[in-house]
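> 3D, please:
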Amino acid sequence: MADAERKLNNGKSRIDFQTDPSKYRHWKLNVDGDVATLLMDVDEKGTLFEGYELKLNSYDLGVDIELADAIERLRFEHPQVKVILLRSGKPRVFCAGANIRMLAGASHADKVNFCKFTNETRNGIEDASEASGLFTICVINGTAAGGGYELALAADHIMLIDDGSSAVSLPELPLLAVLPGTGGLTRVTDKRKVRRDRADVFCTTEEGIKGKRAVDWRLVDEVVPGSKLEVAVAERAREFAAKSQRPAAGKGIVLTPLKRERSADAVEYSTISVEFERPSRLATIALRGPDAPPASAEAMVEQGAEFWPLKLARELDDAILDIRANEFDVAAIVFKSSGDPAQVLAYDQFLDANKDHWLAREIRGFWKRVLKRIDLTSRSLVALVEPGSCFAGTLADLVFASDRSYMLIGKRDGDNKPPATLALAAVNFGAYPMSNGLSRLASRFLADPADLDRANAAAGETLDAEAAERLGLVTFALDDIDWEDEIRVFLEERASFSADGLTGLEANLRFGGPETMESKIFARLTAWQNWIFQRPNAVGEEGALKRYGTGQKPAFDTRRV
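As a prediction, the model looks like this:
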């Protein structure tokens, strides 16, 4: 059955998103001056789950975990790199896309998380180009099919070898009765601006498009004869490197392994702790605020991965991914914090003062991507602003990312912690845009821009619960008498609702306002790709994914619904 839980390989019990180049099984990373080569050479036996092989550079989530790690390391560890060459290590094939056997046997939850993470990774490649000037050139030798072409679509420039057989294709519909799951259709029309009728031909042609037609239809940027390929690749790399704002030289930082202590119902990091209340279906993420920031940008570089904003972002990202992939019964994630809000704001001011420094820019970019990942997480998100909390500046965006937020008025009896406060900073008004291109506050106040102006005017102030509620920054401000009961009732109610219904509700409500290519990709992933992946035409016993490669044609339910 498609919804049966498949076992992880090598006796593992959890999917782990932490890796490093010494552990890669599928990618080879080589840095030569300002150009890095990422060579895709997938180990057929190196699968994340049991029951399939990764032939023809096909991939599963494990392959993409390595790719995401490599991109982050190039951003932080190699600031001098300006161009990534994305290439294949296998002859006559670039990438066959997502592994079909993996998809056919994956549970629905694993398919959803696979598609979501791979989308985020491809968005990260595009973000590296837009935000950091780290450009990607994809060099296609042989076939780039399905997810392989979708990977190429994330690049700034696509080169296709002109050998009479190399082609790009999105054959999911005619072959598998599904759709490209990592933004392929949207990037074809919105990014590469392929004409609708040509896109229709392309997406219903199994063998794909090759040669001059691929260029004419805007599916690739150039085709190059094999004899001239390496010269052309080197020339394109020089052209793109000349446009990059990344430093010509600079000392990178090492993304050292995260320190985690896991027990049955908790995970302890250095800046956060995660506690699971399994009977209540809750995960509580408690963030710990910092001491004072360093004195200079040089000291920030010296601290490296121990620099508080970066360390917190990496640990929070890991915790969110762990819950997504391994804790399916968690209904709600509750955010709490403790510390001095003034020190959180001091770090924001430090990063503002050093905004032209490459590392400060990359740290802000990392936070943008972590907050987007939280936006896209299919759990109810709840922020509790309590005495002693430090939801200020960057951390305040967690409050605005939440579906509900509660703030305690005054102090609790017998508690010597300072009353709960909330503080806004410049970062809350554009540094961390959502997938719709707006800040979380701008998305919050779509109805009346004057509300956004009032919030902006309060930036820098220490806001108590009643002031925060008046400004619309929290859902409810409650006194100590009502606090426990109100939150308990809300969380119990949340856990009683349909998980599928809540996912649909939250995905619709979180992204008001304008559409972007990115918001379209994720909306369509939720709205139809995941639905189609559950339908019998794809995953039923006579469906296309089940019968692929057997010599039997799928038997389709022909009703259009």
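> quick one: the helices in the stretch 351-500 of the chain?
Using DSSP state H, counting those that start in this stretch, the helices of the stretch 351-500 of the chain run over 358-375, 396-401, 440-444, 449-457, 465-470, 480-496, 499-509.
> which other helices and strands contact the last one?
So the one you mean is helix 499-509. Helices and strands touching helix 499-509, by 3 or more Cβ pairs under 8 Å, 6 or more residues apart in numbering; DSSP states H and E, are strand 380-385. (Each C-beta comes from the backbone N, C-alpha and C, glycine too.)
> can we see that at 10 Å?
Where contact means 3 or more Cβ pairs under 10 Å, 6 or more residues apart in numbering; DSSP states H and E, helix 499-509 is packed against helix 108-132, strand 380-385, helix 517-524.
> Please apply the same query to the longest one.
Using 3+ Cβ pairs under 10 Å, 6+ apart as the contact criterion, the neighbours of helix 358-375 among helices and strands are helix 61-77, helix 108-132, helix 297-303, helix 308-326, helix 341-353, helix 396-401, helix 440-444, helix 517-524.
> among those, which is the most enclosed?
Highest mean neighbour count among the helices and strands packed on helix 358-375 (mean count of other Cβ atoms under 10 Å): helix 396-401, with a mean of 25.
> The helices and strands packed on helix 358-375: which one's closest to V267?
For V267, the closest of the helices and strands packed on helix 358-375 is helix 308-326, at 6.7 Å, according to Cβ to Cβ.
> Please state the offset of that closest one from the chain centre?
The chain centroid and the centroid of helix 308-326 are separated by 11 Å under Cα atoms, centre = their mean, to the nearest Å.
> what does stretch 211-228 give?
Distance, centroid of stretch 211-228 to centroid of chain: 30 Å (Cα atoms, centre = their mean).
> again, but for stretch 529-542
Counting by Cα atoms, centre = their mean, stretch 529-542 comes out at 25 Å from the chain centroid.
> Figure out the length between the terminal residues of that stretch.
Distance across stretch 529-542, first residue to last, is 19 Å (Cα to Cα, to the nearest Å).
> mind listing what's buried in that stretch?
Q529, N530, I532, F533, P536, N537, A538, V539, G540 (16 or more other Cβ atoms under 10 Å).
> now swap in stretch 544-552 and tell me
In stretch 544-552, counting by 16+ other Cβ under 10 Å, buried: A544, L545, K546, R547, Y548.
> ok, of those, which one's closest to Y406?
Looking across the buried residues of stretch 544-552 and measuring by Cβ to Cβ, the closest to Y406 is L545, at 43.8 Å.
> That closest one - that's part of a helix, no?
Yes. Applying DSSP: H, G, I helix; E, B strand; the rest coil, one finds L545 inside a helix.
> returning to that earlier point: save the helices and strands packed on helix 358-375 as JSON lines, and put in distance to H157 and mean pLDDT too.
Below are the helices and strands packed on helix 358-375 laid out as JSON lines (distance: least, Cβ to Cβ, whole Å; pLDDT from 0 to 100):
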{"stretch": "helix 61-77", "distance to H157": "17", "mean pLDDT": "98"}
{"stretch": "helix 108-132", "distance to H157": "10", "mean pLDDT": "94"}
{"stretch": "helix 297-303", "distance to H157": "31", "mean pLDDT": "97"}
{"stretch": "helix 308-326", "distance to H157": "29", "mean pLDDT": "98"}
{"stretch": "helix 341-353", "distance to H157": "31", "mean pLDDT": "98"}
{"stretch": "helix 396-401", "distance to H157": "33", "mean pLDDT": "98"}
{"stretch": "helix 440-444", "distance to H157": "33", "mean pLDDT": "97"}
{"stretch": "helix 517-524", "distance to H157": "18", "mean pLDDT": "88"}
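> returning to what we had before: so which of the helices and strands packed on helix 499-509 comes closest to T205?
helix 517-524 (21.1 Å).
> Run the angle between the closest one and helix 358-375 for me.
In terms of direction (axes from the mean of the first three to the mean of the last three Cα atoms, to 10 degrees), helix 517-524 departs from helix 358-375 by 30 degrees.
> which other residues reach the next helix or strand after helix 517-524?
Downstream of helix 517-524, the next assigned helix or strand under DSSP states H and E is helix 530-532. With contacts defined as Cβ atoms under 10 Å, 6 or more residues apart in numbering, helix 530-532 is touched by 108-109, 111-112, 115-116, 172-173, 176-179, 181, 500, 503, 524, 538-539.
> which residues of the protein score low on pLDDT?
Scanning the chain for pLDDT under 70 picks out 1-4, 526-527.
> most distant residue from the middle of it?
G414 (42.2 Å; Cα atoms, centre = their mean).
> what sits against F429?
Per Cβ under 10 Å, 6+ apart, neighbours of F429: S439, R440, L441, A442, L452, A455, N456, A459.
> and which of those residues is nearest to S22?
R440 (37.5 Å).
> Next one: F17 from A325, what distance?
Look at F17 and A325: by Cβ to Cβ, to the nearest Å, they are 8 Å apart.
> Give me the common contacts of the two.
With Cβ under 10 Å, 6+ apart, F17 and A325 have common neighbours L61, I65, F117.
> mind giving me JSON lines with these and columns for distance to P419?
What follows is the shared contacts of F17 and A325, written out as JSON lines (distance: Cβ to Cβ, whole Å):
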{"residue": "L61", "distance to P419": "44"}
{"residue": "I65", "distance to P419": "42"}
{"residue": "F117", "distance to P419": "40"}
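> Tell me the one of those residues nearest I84?
Within the shared contacts of F17 and A325, proximity to I84 (Cβ to Cβ) peaks at I65, which comes in at 17.4 Å.
> Can you tell me the closest non-neighbouring residue to that closest one?
Leaving aside its sequence neighbours, I65 sits nearest to F17 (Cβ to Cβ, 6 or more residues apart in numbering; 5.6 Å).
> quick one: contacts for R494?
S280, R281, L282, A331, A332, R379, S380, V382, D403, R404, L502.
> ok, those residues vs A431, which is closest?
Nearest to A431 among the contacts of R494: D403, at 21.9 Å, using Cβ to Cβ.
> That closest one: what's it in contact with?
With contact taken as Cβ under 10 Å, 6+ apart, D403 is in contact with 332-333, 379-383, 475, 494, 502, 505-506, 509-510.
> same deal with A468?
A468 neighbours (Cβ under 10 Å, 6+ apart): 385, 391, 396, 399, 405, 407, 409, 420-424, 455, 458, 474, 477.
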